[in-house]
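In: dropping the sequence and predicted coords here.
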Amino acid sequence: MILHLLNRSPASSGVAHEMLRTMGADDRLLLIEAGVYGAVEPQAALFSALEGRCFALLEDLASRGLTGCCASWVTPLDMQGFVTLTEETQRTVSWF
Amino acid sequence: MILHLLNRSPASSGVAHEMLRTMGADDRLLLIEAGVYGAVEPQAALFSALEGRCFALLEDLASRGLTGCCASWVTPLDMQGFVTLTEETQRTVSWF
Amino acid sequence: MDDPQTMLVVLRHAPHDSSWLREGLDVALVAAALGQDVTLLFLGDGVEALRSGQQAGPLGQKGSHTTLDMLAMYDIEDIRVDAASLAARGLTVAELDWPVTPVTSDVLPGLFATSASVFNF
Amino acid sequence: MDDPQTMLVVLRHAPHDSSWLREGLDVALVAAALGQDVTLLFLGDGVEALRSGQQAGPLGQKGSHTTLDMLAMYDIEDIRVDAASLAARGLTVAELDWPVTPVTSDVLPGLFATSASVFNF
Amino acid sequence: MRYGLVVMGGPYSHQASHSALRFAHALVDRGHRLETVFFYHDGVYNASRLAAPPQDEPHLGDAWLRLAESQGTALLVCVAAALRRGMTDEREARRHGKPAYNVEPPFELTGLGQLVEASLTHDRLVTFSP
Amino acid sequence: MRYGLVVMGGPYSHQASHSALRFAHALVDRGHRLETVFFYHDGVYNASRLAAPPQDEPHLGDAWLRLAESQGTALLVCVAAALRRGMTDEREARRHGKPAYNVEPPFELTGLGQLVEASLTHDRLVTFSP
């Protein structure tokens, strides 16, 4: 099981599409840095099939004014939760 | 009249679309660096309406193996030609 | 018609993830301090700079919302935002924290053409 | 099924405009020299690295085509290219200068899952 | 678990260094061990001893030093990526006839082999890119 | 005509510096005058006197120096962008208590006012970004 990290907004970068094509059925996604714009609709629609395994880093949401704006299928997570995700998955792949 | 410089491939970046929305009817476009991938079809279709004012930097085409691959509405231009374009236009705007 | 001495500073990058937005705003502030007539255009991801509720980063990184608060002090009052970029991000002018003028696509070429200089960040 | 000790190096950047491609290839070469079983995957703009007819840059910048010629010498022989990325750029496997295996979207997750480590450039 | 981080973003140009530092502290807080931080691509600029950020911004260089001191973390800088970008330690400066240097311990110039090694020996490797 | 260039890309990380140098030579060949090159964002890294690129790659730092010598071009480096990225001249190094410096003439640390000034006084300003 792989943890994918995405730090680009889907609104301006095509990398989210490449990443989605490599994700396995159990893989998890954590949105960080500018990636957290993808936690908010309408961009978040891209990740709606990942409910239960799509996360967004709380501190990056907060600094960007996005706290409370996440789509229902995106789970906010603090930095400790980020570490936990890396414990629970075997590998991390960063998309940028 | 503005000369627009674009150094991103339309295949992976959305900036070409933003640039096109700002271009005036007489403005010119020069594709440089990774922007020259946009001189080749299918990406070049994005610029088909710019025939006669769409150029691509020859040395960047050459290093990438694209010499002779330009769409018919894209004019290859050497570095002297680039300078000439900046003489003939009042301002240059770089998109990246 | 715009004053032909106007400097247009285009901001296309979101706050916090890179220094582009701050460095673009710095050019605008310095130009204004030197007496230039500055117009700002928020385009693409740059419109995220206008979202309300932004904070400092977790290590104390300043972000750019504090800089935006200083624009009026520098007499930068012509602040445009691309309506299409806002819509693509689910934003409306009404919910932004700063007084900005939305512009439509047909206005953009004229905005660029009538500015004496353009800085694109 | 791939050897679970395989290292996957994903190359997503085009030659010449940035150092990403060369720096990714350097990781692959060093890993192979240290005895690792390396698989390369060209994805997105990375497939431009395989286009034939590339040259040094106008100031003598090396590009990456000379490095690709050395892959066999380093026993890097499992070279995959994303078929969808090729198609989006009007390229076919037949016209590429290096012996590569096209892969379809359904194969990608397995390629990532069975690699012992993944470097994404 | 034994963690390694890879930092590819330059300080102040991109958030990558900030994110890596935040993650570093969080993993230590959860009882893990941060063995290695490997700086590659523009990440090598993090190793400069000459950075003078404004007082009201975080000093990333100092933060890396404190981390190395408190956790015994190795701060490895890819020598090939560093030298061409103007990052050099005392030894390489002498070797290349440079009049000064800007990388000093605990930052250590090293080869890419150390990155490959980290990927084999550490339990987790997490990359922060620009 | 009087030209100014703005370079925002770091050397070796991105082609921006190479393109700017090529354009610089071409405009001089056409009889124009290159008054100013302004280094901003990661472009400030071009000013390092410590860069040691491999022998078989172009030495960008030397190329900027030759250009300044032959054309009298001012090589201006944004001081705010430079200091936080670890680029400092002798004076700023002393002021910030740094043990060395990596920017020397003809590269010159200066404020953003010089960039605004260049946009007003030069006939053309062309930007090369990463």
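Out: Cool, got the structure. Please read these numbers as outputs of a predicted model, since none were measured by experiment.
In: C-alpha only now, for contacts and for neighbours.
Out: Noted.
In: the residue lying farthest from the centre of chain E: which element?
Out: In chain E, E:Gly97 marks the outermost C-alpha relative to the chain mean, sitting 24.4 Å out by CA atoms, centre = their mean. Using DSSP states H and E, E:Gly97 maps to neither a helix nor a strand.
In: tell me the contacts of the residue of chain C found nearest chain D?
Out: The minimum distance from chain C to chain D, using CA to the nearest CA, falls at C:Ser18 (17.7 Å). Under the criterion of CA atoms under 8 Å, 6 or more residues apart in numbering or on different chains, the contact list for C:Ser18 reads E:12-15.
In: ditto for C:Ser85
Out: C:43-45, C:47.
In: how much space between the residue nearest the centre of chain E and A:Ala45?
Out: Closest residue to the average C-alpha location of chain E: E:Phe39 at 4.4 Å, with CA atoms, centre = their mean. E:Phe39 is 35 Å from A:Ala45, where distance means CA to CA, to the nearest Å.
In: how about E:Ser70?
Out: For E:Ser70, the distance to A:Ala45 (CA to CA) stands at 43 Å.
In: out of the two, which sits in the more crowded spot?
Out: Neighbours were tallied for E:Ser70 and for A:Ala45 using other CA atoms under 10 Å in any protein chain shown; the higher tally belongs to A:Ala45 (14 against 8).
In: assign that one to helix, strand or coil.
Out: A:Ala45 falls in the helix class when you classify it by DSSP: H, G, I helix; E, B strand; the rest coil.
In: enumerate the residues of chain E near chain A.
Out: Within reach of chain A by CA under 8 Å from any CA of the partner chain, chain E has these residues: E:15, E:19, E:22-23, E:26-27, E:30, E:124-130.
In: am I right that E:Ser13 is in contact with F:Gly43?
Out: No. The pair E:Ser13 / F:Gly43 is not scored as a contact, 10.8 Å apart, by CA atoms under 8 Å.
In: so which of those two has more stuff around it?
Out: For E:Ser13 versus F:Gly43, neighbours defined as other CA under 10 Å are more numerous around F:Gly43 (25 against 21).
In: so what's the residue positioned nearest the centre of chain A bridging to?
Out: By CA atoms, centre = their mean, chain A has its centre lying nearest to A:Leu31, at 2.6 Å. For A:Leu31, the beta-bridge assignment (DSSP bridges) gives partners A:Leu6, A:Ala56.
In: check E:Tyr3 too.
Out: E:Tyr3 forms beta bridges with E:Leu34, E:Arg124, as assigned by DSSP bridges.
In: before we move on, what about the one 4 residues further on?
Out: In this structure, E:Val7 has beta-bridge partners E:Phe39, E:Phe128, where bridges are defined by DSSP bridges.
In: C:Ser19 contacts E:Gly10, correct?
Out: No. Taking CA under 8 Å as the definition, C:Ser19 is not a contact partner of E:Gly10, at 10.5 Å.
In: buried residues, the lengthiest helix in chain E. List them.
Out: With DSSP state H applied, the helix covering the greatest number of residues in chain E is identified as helix E:16-29. Buried positions in helix E:16-29, judged by neighbour count with 16 or more other CA atoms under 10 Å in any protein chain shown: E:16-21, E:23-28.
In: those residues: which two are farthest apart?
Out: Across those, the longest distance by CA to CA is 18.4 Å; it joins E:Ala16 and E:Val28.
In: now, among the residues of chain E next to chain A, which is nearest to chain B?
Out: Within the set of the residues of chain E next to chain A, E:Pro130 lies nearest chain B; the separation is 15.1 Å, counting by CA to the nearest CA.
In: check contacts around that closest one.
Out: Residues in contact with E:Pro130, defined by CA under 8 Å, 6+ apart, are A:96, E:8-10, E:14-16.
In: please enumerate the helices of the chain.
Out: Picked chain A for this. A:15-22, A:58-63, A:79-88.
In: hmm, I had chain E in mind actually
Out: Along chain E, the segments classed as helices by DSSP H run E:16-29, E:60-71, E:79-84, E:90-95, E:113-121.
In: just the CA coordinates of the second one, formatted as CSV?
Out: To tie it back to what came earlier, the one meant is helix E:60-71. As requested, the backbone C-alpha atoms of helix E:60-71 are provided in CSV (Å, rounded to 0.1, in the frame of the first residue of the first chain):
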residue,chain,number,x,y,z
LEU,E,60,15.6,27.3,8.2
GLY,E,61,19.3,26.8,8.3
ASP,E,62,19.3,27.1,12.1
ALA,E,63,16.4,24.7,12.3
TRP,E,64,18.3,22.0,10.4
LEU,E,65,21.3,22.5,12.7
ARG,E,66,19.2,22.1,15.8
LEU,E,67,17.6,19.0,14.4
ALA,E,68,21.0,17.4,13.6
GLU,E,69,22.2,18.3,17.1
SER,E,70,19.2,17.0,19.0
GLN,E,71,18.5,13.9,16.9
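In: helices and strands around it, which ones?
Out: Helices and strands in packing contact with helix E:60-71 are listed as helix E:16-29; criterion 3 or more CA pairs under 8 Å, 6 or more residues apart in numbering or on different chains; DSSP states H and E.
In: now do the helix it packs on: everything it contacts.
Out: Residues lying outside helix E:16-29 but in contact with it, judged by CA under 8 Å, 6+ apart, are A:33, A:79-80, A:82-83, C:17, C:59, E:5, E:7-11, E:33-34, E:43, E:46, E:60, E:63-64, E:128-130.
In: low-confidence ranges, the chain, go.
Out: All of this refers to chain A. Low-confidence regions of chain A, defined here as pLDDT under 70, do not occur.
In: let me rephrase: I mean chain C.
Out: Across chain C, the ranges flagged by pLDDT under 70 are C:1-4.
In: next helix or strand past the longest helix anywhere in it?
Out: Within chain C, and with DSSP H defining each element, the longest helix by residue count is helix C:20-33. Next in sequence after helix C:20-33, counting helices and strands by DSSP H and E, comes strand C:37-42.
In: residue of chain A with the smallest distance to chain D?
Out: A:Thr22 (4.5 Å).
In: could you check how far the closest residue to that residue other than its chain neighbours is from chain E?
Out: Residue nearest to A:Thr22 in three dimensions, not counting chain neighbours: D:Pro109, with 4.5 Å by CA to CA, 6 or more residues apart in numbering or on different chains. Distance of D:Pro109 to chain E, given as CA to the nearest CA, to the nearest Å: 19 Å.
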